[in-house]
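*Asks:* I would like the atomic coordinates for the input below:
(chains A and B)
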Amino acid sequence: MSEAAATPPASLDFIREMIAADLAAGRNDGKVVTRFPPEPNGYLHIGHAKSICLNFGIAQENAPNSRCHLRFDDTNPTKEEVEYVDSIKADVQWLGFDWGDHLFFASDYFEKLYGFAEQLITKGLAYVDDQTQEEMRASRGTLTSPGTRSPYADRSVEENLDLFRRMRQGEFKEGEKVLRAKIDMASVNMHMRDPALYRILRAHHHRTGDAWCIYPMYDYAHPLSDALEGITHSLCTLEFEIHRPLYEWLINNVDGLPGAPYQREFARLNLTYTVMSKRKLLRLVKEDLVNGWDDPRMPTISGMRRRGITASAIRSFCKTIGLTKFNSLTEIALLEHSIREDLNKISHRAYGVLRPIKVVITNYPEDQVEYFDAPNHPEDPEAGTRQVPLCRELYIESDDFMEFPSDGFHRLKPGGEVRLKFAFCIICQEVIKDAEGNILELRCTYDDATRHGKKPEGRTKPKGIIHWVSARHAIDAPVRLYDRLFTVETPDADAGEDGDFTKFLNPASCETITNAKLEPSLKDAAPGSHWQFERVAYVYADPIDSKPGAPVFNRTVTLKDGWVKK
RNA sequence: UGCCUCAUGGUGUAAUGGUAACACAGCAGAUUCUGAAUCUGUCAUUCAAGGUUCGAGUCCUUGUGAGGCAACCA
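*Replies:* Presented below is the predicted three-dimensional model:
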């Protein structure tokens, strides 16, 4: 399979416990069959990753007798597109999971599903209703009062069969008739008040084309599809909890099903500073509030990938957040921790100065160039080293200089000393400004005795160590500094019922720096490579916008900054 | 004003009737040619009230709070 870790979490969550109990009881011939069942009506997001890691993870943990299916729940052709099918497949694979031969579509079962519907009609458990949508809503009752059965509910089996067949033949208009299960109009569970099973939809389906004009509802197709595939454990999010009795009703009332799956529900993921519903994400895309589904600020899998977040980080995050029925709000910091943890291991280091100030080393020969050896990874000698050129004029980070330093600032200040990492120490002798008082350059002197980390006798070691780039050798590259998409933790909730969550969009969520100065080795950064600009951030060479010799970087996440200005 | 589900540090989770623990975040220190990483320490938790029990985060009752449910969406 993939490199995705097949080890379960240290302690079992309630779902895995349930599965372990089933296994211990010898149910399902010792097999566990799960499924990830997205509707192809949008791109996958980090919340789906939780479900993917759960379903595919459980299958891996119980190998080799177990498997996880990828099934597209494509029962509503008005919302679904092949673009989404393709992106979902790519995202699941990228996350490191493999469905093998088990790729399915609910639409593959349309004929069988139709047959089961005729069976229910024959058993007197389903009927064709002629009521309008409004009439149905009115007769369904309310949360506190029972509904009343449709006047059409008592049609004979023969009439129902005839009507249902004619629905399929296309004799009726959209909305004219629906097939309903005959269950209980007085149930406290609204979903049991004769739910619709089939509706007429004259829409082109991305797979079945115009072969059908009636389409099964989710509540009908889902349990039956699960059963047809031999799914043992149907795991979904909490909002489907109330659908469970209907799920079980169908499994129990349809004869000839090869399996008897059961459904269990877990809480969906909520993350601070973002929105997670497909509807809202779709709106951000359609209204051009972001640059498409894979905008690096999006919580989509494709957006996160483009930002430079690794599949391994996402898997690790999913393991960290656990699995419960508690409706929680996870701090984005937890995700960031997983990202940094992974990126720290795999990213080579390089110097990138985002907001440069020029430094002139006045006692360094004008025409001299020398190369310093810099390790590519401080914790991995095998990553090798690279040569970083230095000459008389350099760029340093403007944050690394303070003319009027606050307490505890130990980078460069007038009269102060810092080490240029892997080179030598410099002392700031003079601050050159223009007429408006803007700093133009810093004139410094270097101390030859401090090369390569050496500290002359009797001298105190400067606390500050900063990165730098040779002005003569620097390359310019765009660096996009991504930040949280929203300014508030819960844009959803804060917007309220009818409120507009887009008013909380963070105007500073993407700042593109065009004049970043990078060390020359970065010129050849491969598109799709991860780097750490030392002391600054983890960045990712954008796989689409980077061109040979002209990389474009996305800031994936900043480094933690332990220094707080006093 | 019904039914269902849930409630453990700031956040996410663990503890399966027997010492409330882990991670993140925060704080402090050590270390460091990244104010990163690493290491050490530290702060901080069972929604409330009753009950059962030798013993309750766990079981029961009531209350409170949060989420969900009345598409021919999924």
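
*Asks:* drop to CA atoms for contacts and neighbour counts, all remaining ones
*Replies:* Fine.

*Asks:* Taking chain A, what residue is nearest to RNA strand B?
*Replies:* In chain A, the residue that lies nearest RNA strand B is A:H452 (2.5 Å; CA to the nearest atom of the strand).

*Asks:* Reduced to three states, what does A:T78 come out as?
*Replies:* coil (DSSP: H, G, I helix; E, B strand; the rest coil).

*Asks:* quick one: it from A:C213, how far?
*Replies:* 12 Å (CA to CA, to the nearest Å).

*Asks:* Which of the two has more residues huddled nearby?
*Replies:* Taking other CA atoms under 10 Å, A:T78 and A:C213 do not tie; A:C213 has more neighbours (21 against 14).

*Asks:* Quick check: that one touching A:F172?
*Replies:* No. Judged on CA atoms under 8 Å, A:C213 makes no contact with A:F172 at a distance of 9.6 Å.

*Asks:* show me where pLDDT drops low in chain A?
*Replies:* A:1-10, A:565-566 (pLDDT under 70).

*Asks:* the helices in it, which residues?
*Replies:* Along chain A, counting by DSSP state H, helices occupy A:14-24, A:46-61, A:82-94, A:110-122, A:133-139, A:157-169, A:218-228, A:244-253, A:278-286, A:301-307, A:311-321, A:332-346, A:491-495.

*Asks:* Out of those, which one sits most buried?
*Replies:* Among these, ranked by average contacts under mean count of other CA atoms under 10 Å, first place goes to helix A:301-307 (a mean of 25).

*Asks:* That helix - contacts with which helices or strands?
*Replies:* strand A:553-558 (3 or more CA pairs under 8 Å, 6 or more residues apart in numbering; DSSP states H and E).

*Asks:* Other residues contacting the strand it packs on?
*Replies:* A:307-309, A:336, A:339-340, A:477-482, A:536-542, A:546 (CA atoms under 8 Å, 6 or more residues apart in numbering).

*Asks:* could you pick out which of these are near RNA strand B?
*Replies:* Near RNA strand B, judged by CA under 7 Å from any atom of the strand, the entries from the contacts of strand A:553-558 are A:V536.

*Asks:* In strands, which of the contacts of strand A:553-558 appear?
*Replies:* Among these, DSSP state E puts A:477-482, A:537-541 in strands.

*Asks:* any idea which of the residues you listed is closest to A:A196?
*Replies:* Checking these against A:A196 with CA to CA, the nearest one is A:Y482 at 45.3 Å.

*Asks:* Tell me the bridge partners for that closest one.
*Replies:* A:C510 (DSSP bridges).

*Asks:* Show the contacting residues for it.
*Replies:* By CA under 8 Å, 6+ apart, the residues touching A:Y482 are A:296-297, A:509-511, A:554-557.

*Asks:* Hmm, the residue of chain A closest to RNA strand B is touching A:F424, no?
*Replies:* Yes. Counting by CA under 8 Å, A:H452 touches A:F424, with 6.4 Å between them.

*Asks:* Would you mind telling me which of those two has more residues around it?
*Replies:* Neighbour totals were compared for A:H452 and A:F424, and A:F424 leads with 20 against 16 (other CA under 10 Å).

*Asks:* number of nearby residues for the closest residue to that one other than its chain neighbours?
*Replies:* Spatially, and ignoring its direct neighbours in sequence, A:F424 is nearest to A:R451 (4.5 Å; CA to CA, 6 or more residues apart in numbering). Neighbourhood size, A:R451 [other CA under 10 Å]: 18.

*Asks:* Surely A:R451 touches A:K421?
*Replies:* No. Using CA under 8 Å, A:R451 is not in contact with A:K421, being 9.7 Å away.

*Asks:* residues contacting the residue lying closest to A:T144 once chain neighbours are set aside?
*Replies:* Spatial nearest neighbour of A:T144, excluding adjacent residues (CA to CA, 6+ apart): A:V188 at 7.8 Å. Residues in contact with A:V188 (CA under 8 Å, 6+ apart) are A:143-144, A:146.

*Asks:* Can you tell me which of those residues are buried?
*Replies:* Using 16 or more other CA atoms under 10 Å as the burial test, the contacts of A:V188 include A:P146 as buried.

*Asks:* and the contacts of A:V188 near RNA strand B, which?
*Replies:* A:143-144.

*Asks:* Please identify which of the contacts of A:V188 is nearest to A:T460.
*Replies:* Nearest to A:T460, judged by CA to CA, of the contacts of A:V188 is A:L143 at 76.0 Å.

*Asks:* tell me the contacts of that closest one?
*Replies:* Neighbours of A:L143 in contact, by CA under 8 Å, 6+ apart: A:188, A:190.

*Asks:* Show me whatever sits in contact with both of A:C213 and A:F172.
*Replies:* Shared contacts of A:C213 and A:F172, defined by CA under 8 Å, 6+ apart, comprise A:I200.

*Asks:* Give me the distance between the nearest residue in space to A:E118 that is not next to it in sequence and A:K517.
*Replies:* What sits nearest to A:E118 in space, not counting adjacent residues and going by CA to CA, 6+ apart, is A:L161, at 6.7 Å. Separation of A:L161 from A:K517 (CA to CA): 74 Å.

*Asks:* will you turn the helices of chain A into TSV that also has distance to A:E265?
*Replies:* Formatted as TSV, the helices of chain A follow (distance: least, CA to CA, whole Å):
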stretch	distance to A:E265
helix A:14-24	9
helix A:46-61	11
helix A:82-94	21
helix A:110-122	24
helix A:133-139	27
helix A:157-169	33
helix A:218-228	14
helix A:244-253	9
helix A:278-286	19
helix A:301-307	22
helix A:311-321	16
helix A:332-346	23
helix A:491-495	23
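
*Asks:* can I assume A:V290 is in contact with A:L284?
*Replies:* Yes. Under the criterion of CA under 8 Å, A:V290 makes contact with A:L284 at 5.9 Å.

*Asks:* Kindly export stretch A:305-317 (C-alpha atoms) in PDB.
*Replies:* Only the C-alpha atoms of stretch A:305-317 are listed here, as PDB (Å, rounded to 0.1, in the frame of the first residue of the first chain):
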ATOM      1  CA  ARG A 305      -0.800  21.000  -1.100                       C
ATOM      2  CA  ARG A 306      -0.200  24.100  -3.100                       C
ATOM      3  CA  ARG A 307       0.800  26.000   0.000                       C
ATOM      4  CA  GLY A 308       3.400  23.400   0.700                       C
ATOM      5  CA  ILE A 309       1.800  21.400   3.400                       C
ATOM      6  CA  THR A 310       2.700  17.800   3.200                       C
ATOM      7  CA  ALA A 311       0.400  14.800   3.100                       C
ATOM      8  CA  SER A 312       2.400  13.400   6.000                       C
ATOM      9  CA  ALA A 313       1.700  16.500   8.100                       C
ATOM     10  CA  ILE A 314      -2.000  16.200   7.400                       C
ATOM     11  CA  ARG A 315      -2.000  12.500   8.300                       C
ATOM     12  CA  SER A 316      -0.200  13.300  11.500                       C
ATOM     13  CA  PHE A 317      -2.600  16.100  12.300                       C
END
